[in-house]
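S.K.: have a look; sequence and predicted model below, questions after that.
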Amino acid sequence: MRVLVAGLAAVALLAGCGGGTSTSQPAGSIKVTMTEYSFAPSSVNATSGKVVFYLVNSGSISHDVIIRDSSNTKVAGSELISAGDSFVFTVNNIAAGTYTYFCDQPGHEASGMKGTLTVT
């Protein structure tokens, strides 16, 4: 009985490790780490077409990534990523240009959680 209880406790501890959507970084993807209230890196370069981001939330609250063009039109957006989780975010067809990426959770962009995406 003691072995069974210890085994169940070990399984419960392992199940609590990591995030629900954690994945490994895909080859060729751009890693962006999110914390309160910034992105690292704050400036990203990519080539036009399909761009794959590997988003890692190292913060203690949920964040997302929204991409908007120079006329403030939303181009793409990730799902909300819980603290400690990671997510592969794919933008299938992005044109050359300069974009802003930001977290659209209340107050996050105003607190400095934004960056520049340059697509060539």
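M.R.: Cool, the structure landed. Residues are numbered from 1 along each chain as shown.
S.K.: check contacts around the nearest residue to residue 102 once chain neighbours are set aside.
M.R.: Nearest residue to residue 102, sequence neighbours excluded (Cβ to Cβ, 6 or more residues apart in numbering): residue 114, at 3.9 Å. (C-beta placed from N, C-alpha, C; glycine too.) Applying Cβ atoms under 8 Å, 6 or more residues apart in numbering, one finds that residue 114 lies in contact with 39, 42, 100-103.
S.K.: where does residue 114 land on pLDDT?
M.R.: Residue 114 carries a pLDDT value of 98.
S.K.: now it. Its backbone dihedrals?
M.R.: phi -160, psi 160 (degrees, to the nearest 10).
S.K.: just to revisit the earlier point, now, which of the contacts of residue 114 sits nearest residue 83?
M.R.: Checking the contacts of residue 114 against residue 83 with Cβ to Cβ, the nearest one is residue 103 at 12.8 Å.
S.K.: no more questions from me, cheers.
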